[in-house]
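K.L.:
Sharing a model that was predicted from the sequence below.
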Amino acid sequence: MAPPARYCVPGERLCSAEEATAGSGTYTRHGFIFSSLAGCLEKRSEDSGLPVVSVVRDAESQLLPDVGAVVTCKVCSINSRFAKVQILYVGSTPLKSTFRGTIRREDIRATEKDKISLGDAQSNYLLSTAENELGVVVARSEAGVQMVPISWCEMQCPRTHTKDFRKVARVQPQFLQT
């Protein structure tokens with residue numbers, strides 16, 4: 001009989017990067033391999049020497065944000081250093097339950113994309129807008145009116161003509177609803 005599978009959670013340290021190679025559902029940081037999602041640990045031998053460590057999600061389990069995933073969020077609060085968000089979708093799939101996320105001021109940018117998006121122990125994902133397609137899609141002004149993008153970094157209220165700085169997403173045509 002096979003031993004029971006080990007269950008991993010996002011951010012869990014699995015082993016040293018000297019002992020194995022990072023496979024799907026994992027990432028390497030500071031010489032260690034970590035789980036990037038919740039699921040079962042798999043270790044398979046490779047001809048090249050080091051085994052490959054992967055984390056595989058159960059088909060019925062909750063979809064979780066993964067490193068590099070594009071997510072849709074609702075902003076809950078903003079201060080001068082960061083925005084707190086609720087993650088509602090991973091790709092085009094709605095989540096069964098929401099996750100918390102943070103977009104730090106320094107991560108609101110168009111370039112210098114990094115690979116660290118897993119958050120802290122409180123299931124708080126660190127998010128970035130470091131691609132042209134990522135940023136604000138829908139915003140409401142203080143007057144309660146849906147704002148209109150007027151450039152890649154500004155939105156305007158059609159009622160009051162007030163302008164707000166936002167990193168505006170360049171939405172792909174196939175995702176626009178007509």
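P.N.:
Received, thanks.

K.L.:
Next up, the contacts around Leu64.
P.N.:
Residues in contact with Leu64 (CB atoms under 8 Å, 6 or more residues apart in numbering) are 10, 37-38, 57, 90, 99. The way it works is simple: take the backbone N, C-alpha and C, and place the C-beta from them, glycine included.

K.L.:
Just the closest of those residues to Arg170, please.
P.N.:
Comparing the contacts of Leu64 against Arg170 with CB to CB places Val90 closest, at 20.1 Å.

K.L.:
My understanding was that that closest one contacts Val71; is that so?
P.N.:
Yes: at 5.6 Å, Val90 counts as touching Val71 under the criterion of CB atoms under 8 Å.

K.L.:
Which residues are in contact with each of these two?
P.N.:
Common neighbours of Val90 and Val71 (CB under 8 Å, 6+ apart) are Pro65.

K.L.:
and stretch 136-148, which residues are buried?
P.N.:
Across stretch 136-148, burial judged by 16 or more other CB atoms under 10 Å covers 136, 139, 141, 147.

K.L.:
Next: stretch 39-46.
P.N.:
39-42.

K.L.:
do the same with stretch 28-36
P.N.:
Buried residues in stretch 28-36, counted by 16+ other CB under 10 Å: 33-36.

K.L.:
From these, which one has the minimum pLDDT?
P.N.:
Lowest pLDDT among the buried residues of stretch 28-36: Ser36, with 85.

K.L.:
list the contacts for that residue?
P.N.:
10, 25-27, 55, 66-67, 118.

K.L.:
Scan the residues you listed and report the most crowded one.
P.N.:
Of all these, Val55 has the most neighbours under the rule other CB atoms under 10 Å, reaching 27 neighbours.

K.L.:
Surely it touches Cys8?
P.N.:
Yes: between Val55 and Cys8 a contact is recorded at 5.1 Å, counting by CB under 8 Å.

K.L.:
what touches both of the two?
P.N.:
Joint contacts of Val55 and Cys8 (CB under 8 Å, 6+ apart) are 14, 35, 37-41.

K.L.:
what's the closest of those residues to Cys153?
P.N.:
Lowest distance from Cys153 to the shared contacts of Val55 and Cys8 (CB to CB) belongs to Leu37, with 33.0 Å.
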